[in-house]
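Peer 1: Please work out how this folds:
(chains A and B)
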Amino acid sequence: MSVGFIGAGQLAFALARGFTAAGVLAAHKITASSPDTDLPTVSGLRKMGVNFSVSNKDTVKNSDVLFLAVKPPIIPFILEEVGPDIEARHIVVSCAAGVTISSIEKKLSTFCSTPKVIRCMTNTPVIVREGATVYATGTHADVEDGKLLEQLMASVGFCTEVEEDLIDAVTGLSGSGPAYAFTALDALADGGVKMGLPRRLAVRLGAQALLGAAKMLLESEQHPGQLKDNVCSPGGATIHALHFLESGGFRSLLINAVEASCIRTRELQHLADQEKISPAAIKKTLLDKVKLESPSLSVASASKVSLFTNKSKKN
Amino acid sequence: GVAPEAWPRVAMEASELWVGFVGAGRMAGGLVRGLLQAGKVPASNILASAPSDKNLDAWRELGCRTTHCNLEVVHRSTLVFLATKPHILPGVLEEIRPAVGSHHIVVSLVAGVTIQTLQRLLPPWTKVLRIMPNLPCVVQAGAMVFSRGTNAGDEEAALLKSLLSSCGLCEEVPESYIDIHTGLSGSGVAYVYLFAEALAEGAVKMGMPGALASRIAAQTLLGAAKMLLETGEHPAKLRGDVCTPGGTTIYALHQLEKGALRATVMDAVEAATNRACDMAKD
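Peer 2: All right, here's what the predicted structure looks like:
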């Protein structure tokens, strides 16, 4: 089996790194492409032994499982570009937040009558094989196709199938989650430094504390509330600290964060569906490069770009 | 001096126990109702003293004997509950001290008065215990903690526990927990009343009549508490069980978390406990 990545940024790099480290895929079975060769991740991918190309068509030709690893606004351009090369054998996996299966299927239907589409939401810790991934299968993707993806993603962390309408919530929780954790760790380290620890040690200990706690929870049948209680001896240091967290509304801040991320994801999807993303939202250089690769695609000179029309507009 | 003789001599059997109350206020009334409810001590074996008849009428209606003489209570009882107001107690102790013997078991309900103080004001052979009940003892759903003094042994502790379990939860603790119990459960009852009132008010805002809302609020608290006690599950787990994804409960809980309810409740328990400690020092 060979895997391809349209896009050679953080996500492609993280997944390629994870897959090769897990041993499920040899580097030479992976192709990645991007018009932008200046990305730091491009040299990283090359060093790994991944086949790199500036042509997205190369990636499509050389892949069975095709990951769309570009930012959500770029997805429609990519689909227009590689659509003609998509065959029934391909499994198209979109990792783009807020981009629905139906929007992708609609776009590909002009080129391929039964495109296999899977939508997935993963997160950056796939790079160290501790990712959290969910996926939903599209109309023409079979159970085996889903299982194939699941096997791939399970090699780099936790992976499970969900209903598509839960994916935005997953984005809010585990998609964005590592960012919440990095923020917390930065602050915990600050606390350590304030109380006299050297920075490096503080970071190391903070990270290990969260790692250990998460591992305990995953391996325990107990509720996190119970595990918390187990750490809080009466009148001790921990319960005093927790009181501070509660006073600051720690819990509600986290609930707010997950909610905000989920809502924003839905907003972006809604904007995309209504074709309201302006070209200004897309880097000019990127757009030019995409246009170079596929002359049939053109951007309307007016303010709006039509994201999901089947016919490309002529200038 | 020499310990006075007991009159009459009694065994430790609850049914033969002579129980006295010095002070007959609300808390004492709650305990005696519990004792009688449990059927462990006949009302005729119970004697209560108070300066006026105001409180004593209710005791007589229960079938207990009453008096205005504290000394009489001590002479005629083996188990003596001290249930006066804190500022009254020193005077009362001085009054009854000559009659207190080594057969007596003295249990103080008086808030803020330590075992050390009690033992200082009573003869050195006295078996002293200190108990902190809470208001729902009155309806036999109380929470009580007690500690023993120097001369109180396993027998006395077991007797107290067996008598008062009829009033609710009764646990022996180190004396240092008693002020915490005040903050948690003694005063805690008031926090629950406040919460119940607020729940009902929310319902009234949404269109439910007040009386109905209040009854439902109370039943909700009762039911939730009962589930906690009977399942033995962690409250966080029970909370999670009620929260269907994207449902009403999780929306409401988010509001509570935004209001930092947890921290506020912790603050309340802390404030009451600290105040109890401060008051005990006075």
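Peer 1: does the residue in the stretch 1-150 of chain B that chain A sits nearest to belong to a helix or a strand, and which?
Peer 2: Using CB to the nearest CB, B:V145 is the residue of the stretch 1-150 of chain B that sits closest to chain A, at 14.1 Å. The C-beta positions use only the backbone N, C-alpha and C, and glycine is treated the same way. With the criterion set as DSSP states H and E, the secondary-structure element containing B:V145 is strand B:142-148.
Peer 1: again with A:R119
Peer 2: For A:R119, the secondary-structure element it belongs to, assigned by DSSP H and E, is strand A:116-121.
Peer 1: Kindly report the same for A:P76.
Peer 2: A:P76 is part of helix A:75-82 when elements are defined by DSSP H and E.
Peer 1: Return that helix as PDB; C-alpha atoms alone will do.
Peer 2: Output of helix A:75-82 as PDB, limited to C-alpha atoms (Å, rounded to 0.1, in the frame of the first residue of the first chain):
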ATOM      1  CA  ILE A  75      -9.300  22.100  -0.400                       C
ATOM      2  CA  PRO A  76     -11.600  23.100  -3.300                       C
ATOM      3  CA  PHE A  77      -8.700  24.200  -5.400                       C
ATOM      4  CA  ILE A  78      -6.900  20.900  -4.800                       C
ATOM      5  CA  LEU A  79     -10.100  18.900  -5.700                       C
ATOM      6  CA  GLU A  80     -10.400  20.800  -8.900                       C
ATOM      7  CA  GLU A  81      -6.800  20.200  -9.700                       C
ATOM      8  CA  VAL A  82      -6.500  16.500  -8.900                       C
END
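Peer 1: From the contact counts, what lies against it?
Peer 2: With contacts defined as 3 or more CB pairs under 8 Å, 6 or more residues apart in numbering or on different chains; DSSP states H and E, helix A:75-82 has these neighbours: helix A:56-61, strand A:65-68, helix A:101-108, helix A:284-293.
Peer 1: Could you point out the helix or strand that follows that helix?
Peer 2: For helix A:75-82, the following helix or strand on the C-terminal side (DSSP H and E) is strand A:91-94.
Peer 1: partner strands of that following strand, parallel or antiparallel?
Peer 2: strand A:65-68 (parallel), strand A:116-121 (parallel) (DSSP bridges).
Peer 1: Now render the ones you listed as CSV, adding mean pLDDT.
Peer 2: Rendered in CSV, the data for the strands paired with strand A:91-94 read as follows (pLDDT from 0 to 100):
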stretch, mean pLDDT
strand A:65-68, 97
strand A:116-121, 96
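Peer 1: would you list the ones you listed in TSV and tack on mean neighbour count and distance to B:G210?
Peer 2: As requested, the strands paired with strand A:91-94 are exported to TSV (neighbours: other CB atoms under 10 Å in any protein chain shown; distance: least, CB to CB, whole Å):
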stretch	mean neighbour count	distance to B:G210
strand A:65-68	25	58
strand A:116-121	25	48
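Peer 1: what about B:E230, how many residues close to it?
Peer 2: As a burial measure, B:E230 scores 8 neighbours (other CB atoms under 10 Å in any protein chain shown).
Peer 1: Doesn't B:A48 belong to a strand?
Peer 2: Yes: remark: B:A48 belongs to a strand, assigned using DSSP: H, G, I helix; E, B strand; the rest coil.
Peer 1: Out of the helices and strands packed on helix A:75-82, which gets the lowest mean score?
Peer 2: Looking over the helices and strands packed on helix A:75-82, mean pLDDT reaches its minimum on helix A:284-293, with a mean of 56.
Peer 1: How about A:I101, nearest residue that isn't a chain neighbour?
Peer 2: Nearest in space to A:I101, with sequence neighbours left out and distances taken as CB to CB, 6 or more residues apart in numbering or on different chains, is A:G138 at 4.3 Å.
Peer 1: And for B:W18?
Peer 2: Using CB to CB, 6+ apart and skipping the chain neighbours, the partner closest in space to B:W18 is B:S77 (4.6 Å).
Peer 1: if I pick the one you found, what's in contact with it?
Peer 2: Shown in contact with B:S77 (CB atoms under 8 Å, 6 or more residues apart in numbering or on different chains): B:W18, B:V19, B:G20, B:L47, B:H104.
Peer 1: how close does it sit to B:G20?
Peer 2: From B:S77 over to B:G20 the distance is 3 Å, taken as CB to CB, to the nearest Å.
Peer 1: Mutual contacts of these two, please.
Peer 2: Contact with both B:S77 and B:G20 is made by residues B:L47, according to CB under 8 Å, 6+ apart.
Peer 1: Now B:E171: phi and psi?
Peer 2: phi -130, psi 140 (degrees, to the nearest 10).
Peer 1: how far away is it from B:M144?
Peer 2: Relative to B:M144, B:E171 is positioned 7 Å away (CB to CB).
Peer 1: which of those two has more neighbours?
Peer 2: Between B:E171 and B:M144, B:M144 has the larger neighbour count (other CB under 10 Å), namely 27 against 12.
Peer 1: For A:L185, which non-adjacent residue is spatially closest?
Peer 2: Across the structure, with CB to CB, 6+ apart as the measure, the residue nearest A:L185 apart from its sequence neighbours is A:G206 (4.9 Å).
Peer 1: OK, contacts around that neighbour?
Peer 2: If you count contacts by CB under 8 Å, 6+ apart, A:G206 has them with A:L185, A:L188, A:A189, A:G192.
Peer 1: All the helices of the stretch 51-200 of chain B, residue numbers only.
Peer 2: If you assign secondary structure with DSSP state H, counting those that start in this stretch, the helices in the stretch 51-200 of chain B sit at B:53-62, B:70-76, B:89-96, B:115-121, B:154-164, B:176-181, B:188-205.
Peer 1: and B:A43, which of the ones you listed is closest to it?
Peer 2: Nearest of those to B:A43, taken as CB to CB: helix B:53-62 at 5.6 Å.
Peer 1: mind listing what's buried in the closest one?
Peer 2: By neighbour count, and taking 16 or more other CB atoms under 10 Å in any protein chain shown as the criterion, the buried residues in helix B:53-62 are B:N55, B:L56, B:A58, B:W59.
Peer 1: In contact with A:T133, which residues are there?
Peer 2: When contacts are counted by CB under 8 Å, 6+ apart, A:T133 is found next to A:C120, A:M121, A:T122, A:N123, A:V126, A:M153, A:V156, A:G157, A:F158, A:C159, A:T160.
Peer 1: One more pass at 10 Å, please.
Peer 2: By CB atoms under 10 Å, 6 or more residues apart in numbering or on different chains, the residues touching A:T133 are A:15, A:95, A:120-123, A:126, A:149-150, A:152-154, A:156-161, A:170, A:174-175.
Peer 1: Show me which residues of chain A sit near chain B.
Peer 2: A:166, A:169, A:222-229, A:234-235, A:239, A:242-256, A:259 (CB under 10 Å from any CB of the partner chain).
Peer 1: mind redoing it with 7 Å?
Peer 2: Contact residues (CB under 7 Å from any CB of the partner chain) of chain A with chain B: A:H223, A:G225, A:Q226, A:H243, A:E246, A:S247, A:G249, A:R251, A:S252, A:I255.
Peer 1: Three-state assignment for A:Q222, please.
Peer 2: Secondary structure of A:Q222, reduced to three states by three-state DSSP: coil.
Peer 1: what about it, neighbour count?
Peer 2: 16.
Peer 1: Got phi/psi on B:M206?
Peer 2: Comment: the main-chain dihedrals of B:M206 come out as phi -80, psi 0, following degrees, to the nearest 10.
Peer 1: mind checking how far it is from B:L199?
Peer 2: Taking CB to CB as the measure, B:M206 falls 11 Å from B:L199.
Peer 1: Just want to know which of the two has more residues nearby.
Peer 2: B:L199 (17 against 8).
Peer 1: Without its sequence neighbours, what residue ends up closest to the more buried one?
Peer 2: Using CB to CB, 6+ apart, the nearest residue to B:L199 is B:A217, at 4.1 Å.
Peer 1: Could you do A:S261 as well?
Peer 2: Taking CB to CB, 6+ apart as the measure, A:S261 lies nearest to A:G172, with 3.7 Å between them; neighbours along the chain are not counted.
Peer 1: middle-most residue in chain B, spatially?
Peer 2: By CA atoms, centre = their mean, chain B has its centre lying nearest to B:P133, at 1.1 Å.
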